[in-house]
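Test case, fold it:
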Amino acid sequence: MNNIESSHDANGVVSSTPQEILQASGEIDSRLVSERETTALQGTRQLPETEDKEILDAWIKSLVEQLKTLGTKISQKKLDAAELDAKSILQQLGPTKTLPSADKRRQKGLEVLESLSNVILSNIVNFSRNQHYLDIACHVIDESLPFLPPDHPAPADWLFNLAKCYQLRYELAEGPMDIQNAITCLENVVRLTPLGHPKQLFRIESLGEAHRQRWDRTKDSNDLTKALEYYSTASSLEPQDSAAIPSLYAKMAGLFSAWSQADRHYELEGLGRAVELQKYAISLVAEGDARLPTYLRTLGRYYHHRFKRSGNKDDAESAIESQTKAMGLSPEGSMDKLNIMSDLGSSYQARFAYLGNLEDCNSAVRLHEETVSATSDGDPNIVVFLSSLGTSYLERFAYLGIKDDLSKSMDILSRAVSLTPAGDKDLPGRLNNLGLAYNSRFQYFGKLPDIDKAIELQGSAMQLSANGHQQYLSTIYGNLGNSFHSRFSRLKRVSDIESAIFVQTQAVKNTPDEHPTMPGLLDSLGSAYESRFRFRPSRRKMDDLNRAIEYKTRAVNLTPAGNSKLATYLNNLGLAYGARFSQLGQEEDGNKAIDHLNRAVELTRDDHSDKQNWLNNLGNSYRERFRVRKELQDFELAIATLSRAISLTDEGHSNMPMMLSNMALSYLYRFEQSGDQEALDKSITLFQRSSRSSYGHPINKFNSTRILAYLLLSNSRPGFVEAYQSAVNYLPQVVWLGDIASTKLYQVQQLSDFIEEAAAAAMEAQEISLALEWLEQGRSIVWGQHLQLQTPLDELSSINSELAGHLKEAADELYSSASGIFSSPISDASLYLKPTSWNVQQQHQMADRYERLLDEVRRIPGFERFLRPKQVSELFQAARYGPVVVVNAHKSRCDALILLPKKNDLIHVPLPNLYRNKILDFNLPPEILAKSSDDTAEFEGLRGVRLKAGKDQFESTLCELWLCVVKPVLEALGYPNDRPPDEPIHMTWNTTGPLSLLPLHAAGDYSRPLTRLYNFAFSSYIPTLSVLLRSNPSPHAHSRIMAVGQEATPGQAPLPCTKQELEFIQIHAKDSIHYTQLTGSEATAQAVISKMEDSDWIHFACHAYQQPFAPLDSSFKLHESDLRLRQIMQKHFRNKGLAFLSACQTASGDKNLANESSHLAAGMLIAGYPCVIATMWAIVDSDAPLVADHVYSQLIKGGKLNYEGSARALHDAVAVLREKVGEKSFTRWAPFIHVGS
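This is a model prediction of the structure:
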């Protein structure tokens, strides 16, 4: 009888789910004979009734013929037939089971049974991955056992073969009963094997192997313990010089190694036992033994794993020594030798990561190159070799900064990932490594798609690891956190730094303190906290910075001397101390920063690519201490250190503009302290180099260019206009179309008063037209981008309809994404890690596609300026219905620019009294609305917060606005004081800075008659001139109006007058006007947005909520839900008319975003409503019906809606309210404003 004497490892088989295991547990081999099978078996010959030789021979002959036929049917296509034949033979032999052992029929039957078994087992190697065949094998051997007589000499062999069949089927299908049946059979085999039997050792070893096989799947420590016991027992059965003994010790070593990987608390102990046992196995093997290279290779791997876990460099030396010996003993050109070379290369790479010796990295690259070049593409080992080679190139790039190494790394790692099948246990690690390469390329070149790709890859790796590949999880958490941090450094997106902190915290939690990766994880977590502090530094947020110092100090203390990463951790700790020094000014922190940064520089060789970074940071710290202490030595050290950093940095590196800027700042501080003109000259030269760089972060280049322009202007140097123009040109990159609204608004806030500064400089240079163009580019940038995406493409379509179609598709996708994507940070950073939650990468890709299509359009003759910033000749067309006044308010000077209908020139009105006036204080608007005086009036039923207004202060402010702004403008228009026109003119205001928060329409000297703006004009406000250049629908086409009223919104103050307000509108909406209203519980967000689609005008009488830093989340408070601005904008409304927002503060801006008009009124304007009536602050509930009544009485006449008169209608309605409440009740009538055309 043939025996299956080789065991099969189950490595690489993916574990089943509990459901699959439960399902499989019922699959005990008890195959029933079907009706078809029964029919097939009916023709079999019965057992002879006598032992007559002739009859018996004929019966046996027929069975042998059946066996031969069975042998020919064993193929993939005929297994069903083979199964029937096997069962037929077993059925015919069945009666022999009850015959006496001496009966010849039984003896002959056993011979046939053994032949049947041999036929089945001889083919099992070819069918070991075919469950149908394994089912047949298990059935045949299992059904054969009852045929064996009690005195059969070899029942153990039959049981052993059955166990192996069960094991093969378990390896394939993972049915738990198969491995249990295998173990039971092997236990019986061992019991049946007498002491000293030649197969005793092998059978005990096989029982251990079965327990090991089950442990591989279940990780039940009982199985591991039993496997070790059986291996140990087997090893004691023969002398230690027996040829079979070394393999047993090697297997025990493998078990301890596997245990160390499964249980991190046992990791070092398990690897220690593995090393000891493997060394002993090697000591038992004679020189020349074919097993020696494999044993040495495996010992090297154990040393390698222990080194990566413990950081003990002696283990790295031992790994390299063992693998070098193994390689020397392996035949040239063999796959074994290539595998050993690969392991040796990995050991060199690991030692390089620890000690930083470049020769180790070069050796790793050389060995991995040889393995790849000697392996064909179809070889299963090629993926491992490629992954190792790509990683070595990447680490050498990190050291030397050679771009060719990075390029090779990315190509090779991409290939490795593409060749790795889904479900492979190594896929998470390979995705992670490719993500590292993309992050590295982002760090070097600063291209945003690279960091997006890094996050995508490492996010996928994290998901796969969380689903079963736990060995990679902490490393992937840490690297994904670093990628989020890298993108935060570029885009300043809050969710990115929150996500970085979240995943890096998980990485730290899942890693023991003594693990060699712990210092790196702590350092990364500390850096993330530091970046969150630097994002908006304040003494109230020192906890983040203190945590950063705590984590980074732990990282340094856990890192032994000689570790190549120590310099990195020292550098980062120095940066954290430097940040605290800048915030608190404590000299001890400044000194610690410099001490740590100096140590980092000293520990880093000049050929390391991080050397220039450490030098840059050290130079910055010297510069910061010079700024505080004013000691010349610190300045000189800063210049010397930064000069070295620049000299070591490639001109095309993304950090170059920042380094040049840092050195320029050092010279600037020197100039400011001493007046040294040479220092100023050097500062200007360096800022010029920084601003002209083709690489680097846009915000860094913008800042350099802005400082350069200011220095040229303030020191009477030529070229400041050109410098400001360059800075303005950077704005689309700083506030990028592909980013989300909250991040754009953060970047806008960082611009501060830049656009006012630039426009003031242009005025100073008498470049009036340029000033207007810059103001249009630099105000309401975010809304301007939304407007751009709505631009009609009719003209382009007539030239190239296909390109126009692609551009419209891209614009619509980007508009919907920009409106629909979360506009404020999510509260739980872990949500961001889910692939379906917030597809930032897709947003970036859409923006890239849109910009590429724009470039293609601009290559068409006549479309060179398509969707570029508008020139002054185009902006003149904004003044359609009356003068448009653009007011620039800056601390250096203030000016008004007036555009007139049908005029192609500007009236420039200097406003010298404005920039000296206190009304430019950015903190004024809240005080105007919040401070109370002795003469106050309190109102209940406010649409907004309770208001206390100081009349005297308010009146004083309005008078200042009259004298400093409005009066000079009116005089320039030819309206002398005290002589208003017979009919008020329509004036449209476009203001900057703090003026955009003030009620210019209410400006006046209320101590004298006819000195109010409302005596001369009715006013409108606009966020940009571009909103007046849109083609608006014909007002006569409108006939449908919808009103929304919320008299009692849950959680809000009651608004009883909204009912009367809607009644007034309904009275006016008659004849052919279609009027719809939603009130109370009917007015849900979904119902309102649905009705808005079918209506031309919309009226909201309810509470509202403003979110200046997330304007798309500003909302109207409706029944049980909020209607957010983003929901409205996603509808792509066209041909709408008036939006009357009779709610609180729907046109109130934010002092930190004064130029962005980040309020509901501007949002509705951009969403498709050309005219909006809104409020600058809270209004009294009873005032709203009066205003609405008089507005609609003018706009709805003769059964027609006409929104074009909405500004005048509001002007007249407010006049009625003013007459009722008193002219000096400013807080009652002044909140109502008109926005738009």
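
Domain map for the chain?
Domains of the chain are assigned by automatic domain parsing as 238-328, 872-1026, 1035-1236.

S531: which of these is closest?
With respect to S531, and counting by Cβ to Cβ, the nearest of the domains of the chain is domain 1035-1236 at 18.9 Å. (C-beta placed from N, C-alpha, C; glycine too.)

name the element the spatially most central residue of the chain belongs to?
In the chain, the centroid-proximal residue (Cα atoms, centre = their mean) is I455; its distance is 5.0 Å. Following DSSP states H and E, the helix or strand that holds I455 is helix 448-466.

How about M987?
strand 985-991.

Now tell me what touches that strand from outside.
775, 779, 878-879, 881-887, 889, 998, 1000-1001, 1013, 1016-1025, 1028, 1207-1208, 1237 (Cβ atoms under 8 Å, 6 or more residues apart in numbering).

Spit out the contact partners of A810.
Each residue near A810 by Cβ under 8 Å, 6+ apart is listed here: M846, R849, Y850, L853.

can you rerun that using 6 Å?
Residues counted as contacts of A810 (Cβ atoms under 6 Å, 6 or more residues apart in numbering) are R849, Y850, L853.

mind checking which helix or strand the last one is in?
Using DSSP H and E, the secondary-structure element containing L853 is helix 840-858.

outside of that helix, which residues touch it?
448, 452, 456, 737-738, 806-807, 810, 813-814, 817, 821, 863-864, 866.

if you set the cut-off to 8 Å instead, what comes out?
With Cβ under 8 Å, 6+ apart as the criterion, helix 840-858 contacts 448-449, 452-453, 455-456, 493, 736-740, 796, 800, 803, 806-807, 810-811, 813-814, 817-818, 821, 863-868.

repeat for stretch 1228-1235
Outside of stretch 1228-1235, the residues within contact range by Cβ under 8 Å, 6+ apart are 999, 1001-1002, 1018-1023, 1147, 1161-1162, 1165, 1171-1180, 1183, 1187, 1206-1207, 1210-1211, 1213-1214, 1217-1218, 1221-1222.

my guess is M656 contacts Y695, does it?
Yes. Using Cβ atoms under 8 Å, M656 is in contact with Y695, at 6.5 Å.

Of the two, give the one with the bigger neighbour count.
M656 (22 against 17; other Cβ atoms under 10 Å).

follow-up on the earlier one: just the contacts of strand 985-991: which are in strands?
Of the contacts of strand 985-991, the ones assigned to strands by DSSP state E are V884, V885, V886, V887, A889, A1017, F1018, S1019, S1020, Y1021.

ok, the second one touching L900?
No. Here V885 lies out of contact with L900, judged by Cβ under 8 Å, at a distance of 10.2 Å.

Out of these two, name the residue with the larger neighbour count.
V885 (26 against 15).

can you pull the contacts of the more buried one?
The contact partners of V885, by Cβ under 8 Å, 6+ apart, come to A896, L897, I898, L899, V969, M987, T988, W989, N990.

what two of those residues are the furthest from one another?
L897 and M987 (13.4 Å).

where are the low-confidence patches of the stretch 701-850 of the chain?
741, 818-839 (pLDDT under 70).

residue ranges of the helices in it, please?
720-729, 731-734, 741-751, 754-764, 768-778, 781-789, 794-799, 801-820, 829-832, 840-858 (DSSP state H, counting those that start in this stretch).

among these, which is nearest T184?
With Cβ to Cβ as the yardstick, what comes closest out of the helices of the stretch 701-850 of the chain is helix 829-832 (45.9 Å).

hang on, the earlier thing: now do the strand holding M987 and strand 1017-1021, the angle between them.
Here strand 985-991 runs at an angle of 30 degrees relative to strand 1017-1021 (axes from the mean of the first three to the mean of the last three Cα atoms, to 10 degrees).

Give the partner strands of strand 985-991 in its sheet and their orientations.
Neighbouring strands of strand 985-991 in its sheet, by DSSP bridges, are strand 884-889 (parallel), strand 1017-1021 (parallel).

From S418, how far out is L427?
Distance, L427 to S418, using Cβ to Cβ, to the nearest Å: 11 Å.

meant to ask about S742
36 Å.

what's around S122, how many residues?
Neighbour number of S122 under other Cβ under 10 Å is 12.

can you check N563 too?
Neighbour count of N563, defined by other Cβ under 10 Å: 20.

check contacts around it.
G311, Y354, L355.

hmm, try it at 7 Å
Counting by Cβ atoms under 7 Å, 6 or more residues apart in numbering, N563 touches Y354.

check which helix or strand covers it.
Counting by DSSP H and E, N563 is part of no helix or strand.

Now do the phi/psi pair for it.
Dihedral angles of N563 (phi, psi; degrees, to the nearest 10) stand at phi -70, psi 130.

for F1140, same thing?
The phi/psi pair for F1140 (degrees, to the nearest 10) is phi -100, psi 110.

per-residue pLDDT, it?
Reading off the confidence values, F1140 has pLDDT 97.

still on that earlier bit, please list all residues in contact with the residue nearest to the centre of the chain.
L480, S483, F484, R487.

Compute the number of surrounding residues for G446.
So G446, with other Cβ under 10 Å, has 19 neighbours.

I'd say it and S693 touch.
No. Contact criterion Cβ atoms under 7 Å: G446 and S693 do not qualify, at 10.4 Å.

before we move on, the earlier item: tell me the one of the contacts of I455 nearest Y669?
Out of the contacts of I455, the member with the shortest distance to Y669 (by Cβ to Cβ) is R487, at 31.3 Å.

What helix or strand is the closest one located in?
Element membership for R487 (DSSP H and E) is helix 473-491.

how about whichever strand or helix holds K87: buried residues?
Element membership of K87, judged by DSSP H and E, is helix 79-93. Going by neighbour count (16 or more other Cβ atoms under 10 Å), the buried part of helix 79-93 is 79, 81-93.

Stretch 552-565 now?
For stretch 552-565, burial by neighbour count (16+ other Cβ under 10 Å) applies to K552, T553, R554, A555, V556, L558, T559, N563, S564, K565.

gap between the fourth one and I282?
Distance, A555 to I282, using Cβ to Cβ: 38 Å.

For P239, the count of nearby residues, please.
Neighbour count of P239, defined by other Cβ under 10 Å: 6.

Tell me, how many residues neighbour the residue nearest to it when sequence neighbours are not counted?
Excluding the flanking residues, the one nearest P239 by Cβ to Cβ, 6 or more residues apart in numbering is I245, at 7.6 Å. A count of neighbours around I245, defined by other Cβ under 10 Å, yields 21.

Report whether the expected contact of I245 with E238 is present.
Yes. In this structure I245 lies within contact range of E238 using Cβ under 7 Å: 6.2 Å.

Now list the buried members of the contacts of strand 985-991.
When the contacts of strand 985-991 are checked for burial by 16+ other Cβ under 10 Å, the buried set is 775, 779, 878-879, 881-887, 889, 998, 1000-1001, 1013, 1016-1025, 1028, 1207-1208, 1237.

Contact partners for the closest residue to I451 other than its chain neighbours?
Leaving aside its sequence neighbours, I451 sits nearest to F442 (Cβ to Cβ, 6+ apart; 4.1 Å). By Cβ under 7 Å, 6+ apart, the residues touching F442 are D450, I451, A454, S486.

That's all I had, so thanks and see you.
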